[in-house]
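Asker: Build me a model from this:
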Amino acid sequence: MTSSGPHGTAFSGRVGWGSRPALVVVDLVRAYTDPAGPFALPEADSVVAATAELVDAARTGGHPVFWTEVRYSPGMADGGLFARKVPALRAFAAGAEGGWGEQALTPGPAEVLVSKQYASAFFGTSFAATLTTAGVDTLVVAGVSTSGCVRATAMDALNHGFRPLVVEQACGDRTRALHENNLADLDAKYADVVDAAEALERLRAPLSPAPGSR
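Answerer: Next up is the predicted model:
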């Protein structure tokens, strides 16, 4: 993914890799990956497979892996205007039928699950503080959807001072055009869009010691 893109050469910077990356798997749940799900994606299997490789690589290198889910109270009182704008989010209310909030991949026993009510993994959560405490400087982003929660999470990672790296093959959307257009915009303005091979190589490398550690 080139950085000049549709916005011209003014948008040509790169955030690059830091020394302590972590992986976040954004909302990769049955609502998106099951063909009958309320937010079903047409190429979900390839996204799940690519993300599984990233998870394995991060675990091999000893890098933190984080997961996100959308979770609401039974009556949707915490859904705010987002739930009014997207009524199908009721599928993520506690006790809702269908089990659509179940993860498509299995988080490890010590891996953090971030529950959120809005698109970004950072908004209204303790995610930024958790990353800072872990000494993370780079956030590798995978999951769904590219135009929604992946985009919002990558943008907020930048806003919070983490280097956002979005893995092209490990994200997906409802059409190829939506996916590619949002990747181009992210790459120009808010994140580095990287190939899976690059991300796998980086994540397989051993985690560097945290600053100040002995």
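Asker: which regions of the protein sit below the pLDDT cut-off?
Answerer: Residue ranges of the chain with pLDDT under 70: 1-8, 212-214.
Asker: Closest to the mean position in it, which residue would that be?
Answerer: Taking C-alpha atoms, centre = their mean, the centroid of the chain lies closest to Val26, which sits 3.5 Å from it.
Asker: Skip the chain neighbours and tell me the closest residue to Gly135.
Answerer: Ala210 (3.6 Å; C-beta to C-beta, 6 or more residues apart in numbering). Yep, even glycine has a C-beta here, placed from its N, CA and C like the rest.
Asker: check contacts around Asp78.
Answerer: Taking C-beta atoms under 8 Å, 6 or more residues apart in numbering, we find Asp78 in contact with Tyr72, Gln117.
Asker: any idea how far it lies from Leu89?
Answerer: Going from Asp78 to Leu89 by C-beta to C-beta, to the nearest Å gives 11 Å.
Asker: if I look at the two, which residues touch both of them?
Answerer: Shared contacts of Asp78 and Leu89, counting by C-beta under 8 Å, 6+ apart, come down to Tyr72.
Asker: What is the burial count for Trp67?
Answerer: Other residues within reach of Trp67, judged by other C-beta atoms under 10 Å, total 24.
Asker: Each with direction, which strands does the one helix or strand it maps to pair with?
Answerer: Here Trp67 sits within strand 65-70, counting by DSSP states H and E. If you go by DSSP bridges, strand 65-70 pairs up with strand 21-26 (parallel), strand 112-116 (parallel).
Asker: And the next helix or strand past it?
Answerer: Past strand 65-70, the next helix or strand by DSSP H and E is helix 80-85.
Asker: How far off centre is that following helix?
Answerer: Here the centre of helix 80-85 is set off from its chain's centre by 21 Å, with C-alpha atoms, centre = their mean, to the nearest Å.
Asker: any idea how far His179 is from Pro35?
Answerer: Noted for Pro35: a distance of 18 Å to His179, by C-beta to C-beta.
Asker: Between the two, which is the more surrounded one?
Answerer: Neighbour totals were compared for Pro35 and His179, and His179 leads with 22 against 9 (other C-beta under 10 Å).
Asker: For the more buried one, give me its contacts.
Answerer: Thr146, Ser147, Cys171, Gly172, Asp173.
Asker: got those as CSV, with distance to Arg84 and neighbour count columns?
Answerer: Shown next, in CSV, are the contacts of His179 (distance: C-beta to C-beta, whole Å; neighbours: other C-beta atoms under 10 Å):
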residue, distance to Arg84, neighbour count
Thr146, 23, 28
Ser147, 19, 20
Cys171, 26, 29
Gly172, 26, 28
Asp173, 22, 24
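Asker: Now go through those residues and say which are in strands.
Answerer: Cys171, Gly172 (DSSP state E).
Asker: Just give me the closest of the contacts of His179 to Thr130.
Answerer: Cys171 (22.0 Å; C-beta to C-beta).
Asker: No further questions, thank you.
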